[in-house]
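A.B. asks: with the input below, show me the fold.
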Amino acid sequence: MIDPTSDQTDPFFQLSEDSDWNACIGPQGSEENYADGYIEAAIELVSAVIEKSMYERRDTLILPILYTARHSIELALKLAIGELVKMRIIDQLHAKNHDILSHWQLLDRTVLGDATVRRIVTEIEPFIRSLSQVDDDGQGLRYHEKQDGQRSLADKPLANLLVVRASLDKLADLLKQLKFRVFDLTYERSTGSYTRDCSRRDLFEIAKMLPQIGQWNSEQFDVAKRAVCEQFGIGSRKFSDALNVIKVNREMKVLLGEETALSHLSDDSVLFVVEQWRLRHPRRQGGRNPLGFDHFDPERFAEMAEESRIAAGVNQNVVEKLSSEEIADLQTVYYMGRDKVFAEHYQAVLERTAKTQRLAGNAVLSVNHLMEKTNFLTSLASGLRRLGRPSLAERVSAL
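C.D. replies: Numbers count the residues shown, from 1 in each chain. Model (predicted):
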């Protein structure tokens, strides 16, 4: 048992024998923990007051509840701004202060290049303005009297905890959306598929709004263009910038009715490989346990020997049919589908895979690595869709 009053212990950072309650902080924490923790604390505290009917503590606990909520906003805005600076969407960090309104205004006046972030920034404005009005610098909700001698919250005699909790729930959801969308945006921009005004996600939405390429000289295209420009707040030149990215993107082009060939693999080669894979993984018939057997069954041993023979034959057939470049392409498509890799990374992944296989110098081993996988068919089809070949993916899935 730890005595917190003992001179030999640190009253807050001494550890006990019960490690279940050890919290990771400092070098084991993160900026996210700060941003998440304060809004979670505000919600937990207001919920405890309401659910436990702690009427006698309303007047005291409302102050840390509101301050903690305000601080969570400050941390979330600073986190988002920091990520946007890394992406060079914002030129430089905000001055180091506690003015949540000016932090929000920095986001509001910036061309954020993403419709979702823009929507979230707009939707959090009422929460920021409300708390900024009563505490513009982090003093009003912490101290009874501000540095200028004025009483804090002088024009706010009441706050309803039910209203506060409902608002905190909405605020928490918006801050969560902001954090995750900014993180996703960082990942998306690594593809290079964006414009100054439109993110990769936006470009997909724009592509969905457009008619097939063969109809781009029609009135239907003009109507779609006007709708896109209105929804995303862009003009004709920026609309053209968006089209230039969409037209060369493997996934986006599919939405316009165009597919893109793989670098090395032909459709016939892909279908041949799948047919060979099916020899090793026939569709299940009957009720045999696919994971093995429950006792020493001589018939099962014979089946295993036959399966090994088939596997060797399949591997040899694929190696004889495909070139080393095609094998590398096959493996690339499989892993991009399995791991949900952005299509824009296709060439880089393909080159890296081909280099690895050249160094290994064992085509049979590379082929067997794919042919033995039970998820080969689904991952290959997923990779084909991701790489702009949905029609081939459908043919593969049907085998």
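A.B. asks: buried residues in stretch 334-353?
C.D. replies: Across stretch 334-353, burial judged by 16 or more other CB atoms under 10 Å covers 334-338, 341-344, 346, 349-350, 353. Yep, even glycine has a C-beta here, placed from its N, CA and C like the rest.
A.B. asks: in helices, which of those appear?
C.D. replies: 334-338, 346, 349-350, 353 (DSSP state H).
A.B. asks: wait, what's in contact with residue 98?
C.D. replies: By CB atoms under 8 Å, 6 or more residues apart in numbering, the residues touching residue 98 are 74, 137-138.
A.B. asks: repeat for residue 366
C.D. replies: Neighbour list for residue 366: 327, 331, 357, 360 [criterion: CB under 8 Å, 6+ apart].
A.B. asks: and the helix or strand that contains it, how far out from the chain's middle?
C.D. replies: Here residue 366 sits within helix 363-371, counting by DSSP states H and E. Distance, stretch centre to chain centre, for helix 363-371: 32 Å (CA atoms, centre = their mean, to the nearest Å).
A.B. asks: cool, and stretch 311-323?
C.D. replies: 38 Å.
A.B. asks: I'd say residue 138 and residue 73 touch.
C.D. replies: No - when contacts are counted by CB atoms under 8 Å, residue 138 is not listed as touching residue 73 (10.9 Å).
A.B. asks: who has more neighbours out of these two?
C.D. replies: Set residue 138 next to residue 73 and count neighbours by other CB atoms under 10 Å: residue 73 wins out with 24 against 16.
A.B. asks: give me the phi and psi angles of the more buried one.
C.D. replies: phi -60, psi -50 (degrees, to the nearest 10).
A.B. asks: ok, now residue 145?
C.D. replies: Dihedral angles (degrees, to the nearest 10) for residue 145: phi -130, psi 140.
A.B. asks: can you tell me how far residue 197 sits from residue 178?
C.D. replies: Distance from residue 197 to residue 178, counting by CB to CB, to the nearest Å: 19 Å.
A.B. asks: give me the element residue 201 is part of.
C.D. replies: Of the helices and strands defined by DSSP H and E, residue 201 is found in helix 200-209.
A.B. asks: for that helix, name the packing helices and strands.
C.D. replies: Here helix 200-209 touches helix 115-123, helix 161-189, helix 219-232, helix 236-246, helix 250-254, going by 3 or more CB pairs under 8 Å, 6 or more residues apart in numbering; DSSP states H and E.
A.B. asks: quick check: mean pLDDT of the longest one?
C.D. replies: Per-residue pLDDT values across helix 161-189 average out to 98.
A.B. asks: could you give the angle of that helix to helix 115-123?
C.D. replies: On the basis of axes from the mean of the first three to the mean of the last three CA atoms, to 10 degrees, helix 161-189 is oriented at 150 degrees to helix 115-123.
A.B. asks: show me what counts as buried in helix 161-189.
C.D. replies: Those buried within helix 161-189 under the rule 16+ other CB under 10 Å are 161, 164-165, 167-168, 171-172, 174-175, 177-179, 181-182, 184-185, 188-189.
A.B. asks: where in the stretch 1-150 of the chain is pLDDT low?
C.D. replies: Within the stretch 1-150 of the chain, the stretches with pLDDT under 70 are 1-8.
A.B. asks: do that again at 50, thanks
C.D. replies: Within the stretch 1-150 of the chain, not a single segment meets pLDDT under 50.
A.B. asks: in terms of contact, does residue 42 touch residue 63 like I think?
C.D. replies: No - the pair residue 42 / residue 63 is not scored as a contact, 11.3 Å apart, by CB under 8 Å.
A.B. asks: so for those two, which sits in the more crowded spot?
C.D. replies: residue 42 (24 against 17).
A.B. asks: how about the contacts made by that one?
C.D. replies: Residue 42 sits in contact with 65-66, 68-69, 72, 168, where contact means CB under 8 Å, 6+ apart.
A.B. asks: looking at those, which is nearest residue 207?
C.D. replies: For the contacts of residue 42, the minimum distance to residue 207 (CB to CB) is 36.4 Å, reached by residue 72.
A.B. asks: report the contact partners of the closest one.
C.D. replies: 35, 38-39, 42, 171, 175.
A.B. asks: and the residues you listed, which is closest to residue 119?
C.D. replies: Looking across the contacts of residue 72 and measuring by CB to CB, the closest to residue 119 is residue 175, at 13.7 Å.
A.B. asks: now do the contacts for the closest one.
C.D. replies: So residue 175 contacts 35, 39, 72-73, 76, 124 (CB under 8 Å, 6+ apart).
A.B. asks: again, 10 Å this time
C.D. replies: 35-36, 38-39, 69, 72-73, 75-77, 79-80, 120, 124, 127 (CB atoms under 10 Å, 6 or more residues apart in numbering).
A.B. asks: just flag the most distant two among these.
C.D. replies: Top of the distance list for those (CB to CB): 38 and 120, 18.1 Å.
A.B. asks: residues contacting the closest residue to residue 238 other than its chain neighbours?
C.D. replies: Using CB to CB, 6 or more residues apart in numbering and skipping the chain neighbours, the partner closest in space to residue 238 is residue 197 (5.2 Å). Contact partners of residue 197, counting by CB under 10 Å, 6+ apart, are 111-115, 118, 232-235, 238-239, 241-242.
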